[in-house]
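K.L.:
3D model of this:
(one chain, ligands or ions: 2)
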Amino acid sequence: MAGNIRTIGVLTSGGDAPGMNPAIRAVVRVGAYHGLRVMGIKRGYNGLIHGEMDDLSPRDVSNILQRGGTILQTARCLEFKDEAGVRKGVEIAKVFGLDGLVVIGGDGSFRGARDLCKAGLPTIAVPGTIDNDIDCSEYTVGYDTCLNTVKDAVDKIRDTTASHERCSVIEVMGRAAGYIAVQAGIACGADVILVPEAEWSFDEDVLRPILEGKSKGKRHSIVIVAEGIGGVIEMAKEIEAKTGIESRATILGHVQRGGSPTVRDRVVASEMGGLAVELLLQGKQNRIVCMRDHVITDVDIDEGLAMKKTLPQQLISLVRKLAI
Ligand code: ADP
Ligand code: F6P
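P.N.:
Ligands and ions are numbered 1, 2, ... in the order given. Next comes the predicted model:
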């Protein structure tokens with residue numbers, strides 16, 4: 001099988017994440033190291049379906065290691081969710097002589113990768129999303145850079161919050177997951193965090209800690225809310241109305257998806273992109289490259305998609321203990 005792999009494609013799909021560029025670079029260079037031709041496919045599965053791809057040489061990926069976003073652009077391609085879209089993708093891959101594909105993205109992208117394998121194109125998936133919400137992997141490319149961006153932003157918000165003796169309610173990304181919120185909560189010393197993975201009530205989990213903090217001498221407070229909970233503008237108004245503490249809301253938004261990847265993201269992305277190529281060369285397909293017990297390894301896509309990881313509840317309680 002390995003001898004059959006001569007040309008491979010690489011694409012990025014779904015929301016972009018810092019570290020996608022180092023992952024692309026690793027696919028291209030590890031591929032070139034093994035004598036493969038590597039083609040960069042534009043705009044995720046859209047580019048595959050429409051044959052938008054070009055050769056990428058090791059020099060074409062010079063100077064991208066430190067750049068956020070993805071040089072291949074990305075897309076959420078609805079057409080690819082249908083069987084016809086997948087069939088078209090495999091046909092176009094044949095036209096361009098692709099023997100294998102590396103898909104960098106989130107779990108929707110992995111479903112597309114699985115469908116491509118079933119339809120005849122060997123594909124390996126690499127987790128790239130700031131949300132860290134891939135169940136079979138302890139880590140996803142982009143998470144660390146995002147956390148550092150959130151840390152910088154919350155530190156700045158704290159400066160002004162403290163000066164005005166206010167309460168700041170800050171919404172962070174993560175779609176339906178609270179990984180960004182909980183780690184940012186610890187790193188930034190939040191008084192309260194709200195995540196979809198834990199039940200909460202406004203009186204007990206928001207008002208009480210803010211008022212108790214005030215009675216213990218805290219002169220300002222930081223509330224971090226995962227986007228899966230939302231409603232930060234109304235929450236800030238309600239806090240102000242019920243406590244008399246002037247409150248402001250900030251939605252950090254897409255600033256969290258940009259920026260130069262951190263060392264961690266560059267290294268993990270390089271390892272994961274490199275392993276994806278090695279797996280194709282070993283004749284493997286339908287695998288997700290992932291981190292398990294701190295080691296970069298791989299699992300079957302169907303098995304990986306069926307796994308469940310849970311946000312450690314002790315991290316949520318640690319935020320509460322640290323906020324004493
Ligand atoms: P994000 O979480 O940022 O949306 P994903 O990696 O989950 O990122 O990307 C979702 C995209 O994956 C979809 O827009 C679609 O283009 C692609 N996709 C392909 N096949 C499927 C599928 N079976 N289910 C969901 N998404 C799919
Ligand atoms: O999956 C990454 C992510 O940034 C989520 O945290 C967020 O819910 C979503 O993408 C935002 O997507 P869009 O770029 O379409 O606004």
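K.L.:
Tell me how many other residues crowd A17.
P.N.:
Using other CB atoms under 10 Å, A17 is surrounded by 33 other residues. Yep, even glycine has a C-beta here, placed from its N, CA and C like the rest.
K.L.:
distance of it from I180?
P.N.:
12 Å (CB to CB, to the nearest Å).
K.L.:
Next one, pLDDT for the spatially closest residue to N148 that is not a sequence neighbour please.
P.N.:
Leaving aside its sequence neighbours, N148 sits nearest to T262 (CB to CB, 6 or more residues apart in numbering; 5.7 Å). Per-residue pLDDT puts T262 at 98.
K.L.:
just N4 next, same as before
P.N.:
88.
K.L.:
Determine the residues that are contacts of both of A17 and I180.
P.N.:
By CB atoms under 8 Å, 6 or more residues apart in numbering, A17 and I180 have these common neighbours: 130, 143, 146.
K.L.:
Restricted to helices, list those residues.
P.N.:
Mapping the shared contacts of A17 and I180 onto helices (DSSP state H) picks out 143, 146.
K.L.:
Can you check the shared contacts of A17 and I180 and name whichever has the most neighbours?
P.N.:
C146 (33 neighbours).
K.L.:
Can you tell me which of the shared contacts of A17 and I180 is closest to I157?
P.N.:
Nearest to I157 among those is C146, at 16.2 Å by CB to CB.
K.L.:
Provide a list of residues in contact with the closest residue in space to that closest one that isn't next to it in sequence.
P.N.:
Closest residue in space to C146, ignoring its immediate chain neighbours: I130 at 3.8 Å, by CB to CB, 6+ apart. Residues near I130 by CB under 8 Å, 6+ apart: 15, 17-18, 140, 142-143, 145-146, 173-174, 180, 256-257.
K.L.:
circling back to that earlier point, let me have the shared contacts of A17 and I180 in a markdown table, extended by distance to L48.
P.N.:
Below are the shared contacts of A17 and I180 laid out as a markdown table (distance: CB to CB, whole Å):
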| residue | distance to L48 |
| --- | --- |
| I130 | 23 |
| Y143 | 26 |
| C146 | 27 |
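K.L.:
and which of the shared contacts of A17 and I180 is nearest to ligand 2?
P.N.:
I130 (5.5 Å; CB to the nearest ligand atom).
K.L.:
Distance-wise, check the closest one relative to V223.
P.N.:
The value you get for I130 to V223, if CB to CB is used, is 21 Å.
K.L.:
try K151
P.N.:
Distance from K151 to V223, counting by CB to CB: 16 Å.
K.L.:
Could you check which of those two has the larger neighbour count?
P.N.:
Using other CB under 10 Å, the more surrounded residue of K151 and V223 is V223, with 25 against 14.
K.L.:
and the contacts of I130, which are buried?
P.N.:
Among the contacts of I130, those scoring as buried are 15, 17-18, 140, 142-143, 145-146, 173-174, 180, 256-257 (criterion: 16 or more other CB atoms under 10 Å).
K.L.:
Quick check: the farthest pair among these?
P.N.:
Applying CB to CB across the buried ones among the contacts of I130, the maximum distance is between P18 and G174, 15.2 Å.
K.L.:
Which elements pack onto the helix or strand encompassing V28?
P.N.:
Element membership for V28, per DSSP states H and E: helix 20-33. In this structure, helix 20-33 makes packing contacts with strand 7-12, strand 37-41, strand 100-105, helix 263-281, judged by 3 or more CB pairs under 8 Å, 6 or more residues apart in numbering; DSSP states H and E.
K.L.:
For that helix, which residues meet the burial criterion?
P.N.:
For helix 20-33, by 16+ other CB under 10 Å, it's 20-32.
K.L.:
residues near D205, how many?
P.N.:
Neighbour tally, D205, other CB under 10 Å: 16.
K.L.:
how about it, secondary structure?
P.N.:
Per DSSP: H, G, I helix; E, B strand; the rest coil, the local secondary structure of D205 is helix.
K.L.:
in terms of contact, does it touch L194 like I think?
P.N.:
Yes: if you go by CB atoms under 8 Å, D205 and L194 touch, sitting 6.9 Å apart.
K.L.:
Leaving out chain neighbours, which residue sits closest to G89?
P.N.:
Here the residue nearest G89, using CB to CB, 6+ apart, is L48, at 4.5 Å.
K.L.:
confidence score at the residue sitting nearest the centre point of the chain?
P.N.:
Nearest residue to the geometric centre of the chain (CA atoms, centre = their mean): T129, 1.6 Å. pLDDT recorded at T129 is 98.
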